[in-house]
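Undergrad: Fold the following for me, if possible:
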Amino acid sequence: AGAVEVREQQVEVAAQVGKSEKSRKEVDITLDGLLEKIREYCPTADFAKITKAYDFAERMHSGQLRRSGEPYFIHPCSVASIICDMKLDTASIITGLLHDTVEDTVASIELIEEEFGAEVAQLVDGVTKIGKITFNSKEEAQAENFRKMVVAMARDIRVILVKLADRTHNIRTLKHVPAHKQKEVARETLELYAPLAHRLGIFWLKTELEDTSLRFLHPEVYAQLKMHVNAKKQERQNYTEEVMDLLRQTLISQGLQTANVTGRAKHFYSIFQKMQSRGLGFDEVQDLIAFRILIDDNAQCYQALGIVHTMFKPVPGRFKDYIALPKPNMYRSLHTTVIGPAGQRVEVQIRTREMHQVAEEGIAAHWMYKGESHAEMGVEEARRFAWLRQLVEWVQQLNDPQEFLHSVKEDLFEKEVFVFSPKGDLYALPKGSSIIDFAYRVHSELGNHCMGGRVNGRMVQLKYQLANGDTVEVITSPNQVPRREWLRMARTSQAQTR
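TA: As a prediction, the model looks like this:
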């Protein structure tokens, strides 16, 4: 029966071949343009298969229009183009082209598998929303679709990379959507997709998702920020160039000839967050400019830091060493805030070029096309992300879809504290976590028998809130069992659901 269904769909697809010629002229990302973009970073890609997928998707979406009135096919083309910006492999690009065919056309997963193979079919299925199920609310549908995506991305991390590319193009074209829907999509992007991009370490994409979401969620705030930033644009540009020249000349004179120095204004959303968290007006936000120094190796990073601190007075408490203690998303860099010329606070980030690639591309840097099969590598990469394992655990434990989504937003995407086990293992927990949360993060049995803790060598109660840099030892008793009052002290869903 399956084979008959596939053959019937192939006949239906063939009937649409003639319809797509007109829409091809209207699509702004041409096949040649897409292939050229791929050729720049991967001359050995499977161009015949990508061309086949392009033609297939164009035929399937023939006659469909977006809200803007443009041919729908512009969307999968743009998604494939964003995937090329991430420099991903052939299967990811093909998935970008085909990602809406199962949901929005007559194509089925079986047909995709027959035409493009099991690897692509699995990826397309991972990014396809759940159909044929009636949900009680939009929230329930959103939660179930997110759960499905989590399970798929635990098998292959490329699922979320394609999904992020899809969301990026959707938010770039959000102006064509009704106002109430704009806010809905922008809020979901800010709550789920931007934090996911952050967790995956894809900085350029996270920034775009945040800034664009802010524009639709708080248009007045965005307009004011834009006005303030533009008002002193030339003045800030002159200052940035002055500091860059000063840094560059000093680093070279101290033997760091290959140092590359850049400067930029901070992004709108990070300025907005700073204003919100500290109750500041725009004029009170001081460190609006960030400088970045790229050099060759780790030792030079610390050498450059010493030079910067000799040039400018460092602000106490504002130095962070993410090289010695990388973030969970593999981000590594030295951060310091100093008092620059004219008494202005400026942030300086120092990292190697390799660290910079990971900082910008995150996990996508590990998926950049290298010409070999990535099937096993996806699973291996997924294992490196403790938070992804935690997500999958929640999928298995929490039956209520809305409780699952709440847990994701509350625990996974909140500010974190970084603490150590007595053996020196690093754990990231949501801010406000207690000894109980730490115990359950290490192991459920440790949590079940936890009766107290020792932090930095000092005895503390179970309700003690962990702080950055704490070394935490859990004290257990075989007679101890979980107690109801622990729920009041537990911050993470992982501890609460035990």
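Undergrad: ok, and what's touching stretch 174-186?
TA: 66-68, 170-171, 212-217 (Cβ atoms under 8 Å, 6 or more residues apart in numbering). Yep, even glycine has a C-beta here, placed from its N, CA and C like the rest.
Undergrad: Which of those residues fall within helices?
TA: 170-171, 212-217 (DSSP state H).
Undergrad: just to revisit the earlier point, just the buried residues of the contacts of stretch 174-186.
TA: 66, 170-171, 212-217 (16 or more other Cβ atoms under 10 Å).
Undergrad: Which pair of the residues you listed spans the longest distance?
TA: For those, the farthest-apart pair by Cβ to Cβ is R66 and L214; their separation is 23.4 Å.
Undergrad: Let me know how buried the closest residue to N145 other than its chain neighbours is, in neighbour terms.
TA: In this structure, N145 finds its nearest non-sequential neighbour in K129, 5.0 Å apart by Cβ to Cβ, 6 or more residues apart in numbering. Other residues near K129 number 15, with proximity taken as other Cβ atoms under 10 Å.
Undergrad: how close does K129 sit to I74?
TA: 20 Å (Cβ to Cβ, to the nearest Å).
Undergrad: And R488, by the same measure?
TA: Taking Cβ to Cβ, one finds R488 at 52 Å from I74.
Undergrad: again with V106
TA: Where I74 is concerned, V106 sits at a distance of 20 Å (Cβ to Cβ).
Undergrad: Neighbour count for the two, which is higher?
TA: I74 (20 against 13).
Undergrad: shouldn't that one be in contact with R67?
TA: No - I74 lies out of contact with R67 (Cβ atoms under 8 Å); the separation is 11.7 Å.
Undergrad: The residue nearest to N145 belongs to a helix?
TA: No - per DSSP: H, G, I helix; E, B strand; the rest coil, K129 lies outside any helix segment and is coil.
Undergrad: dump the residue contacts of it.
TA: So K129 contacts 103, 145, 148 (Cβ under 8 Å, 6+ apart).
Undergrad: since we're on the last one, how many residues are nearby?
TA: Here the number of neighbours of K148 (other Cβ under 10 Å) works out to 18.
Undergrad: what's the answer for the first one, then?
TA: Neighbourhood size, E103 [other Cβ under 10 Å]: 13.
Undergrad: so how far is K52 from it?
TA: E103 is 20 Å from K52, by Cβ to Cβ.
Undergrad: If we only consider the contacts of stretch 174-186, which is nearest to I289?
TA: Using Cβ to Cβ, those come closest to I289 at L214, 19.6 Å.
Undergrad: Run through the residues that contact T173.
TA: Taking Cβ under 8 Å, 6+ apart, one finds 66, 68, 75 in contact with T173.
Undergrad: ok, now which ones touch the second one?
TA: To tie it back to what came earlier, the one meant is S68. So S68 contacts 173, 176 (Cβ under 8 Å, 6+ apart).
Undergrad: Could you pull up the residues touching V481?
TA: 448-449.
Undergrad: Give me the secondary structure label for it.
TA: coil.
Undergrad: Next, count neighbours for D156.
TA: D156: 24 neighbours (other Cβ under 10 Å).
Undergrad: I figured it hits Q122, correct?
TA: Yes - using Cβ under 8 Å, D156 is in contact with Q122, at 6.7 Å.
Undergrad: Tell me where the model's unsure across the stretch 201-350 of the chain.
TA: Under the criterion pLDDT under 70, no range of the stretch 201-350 of the chain is flagged.
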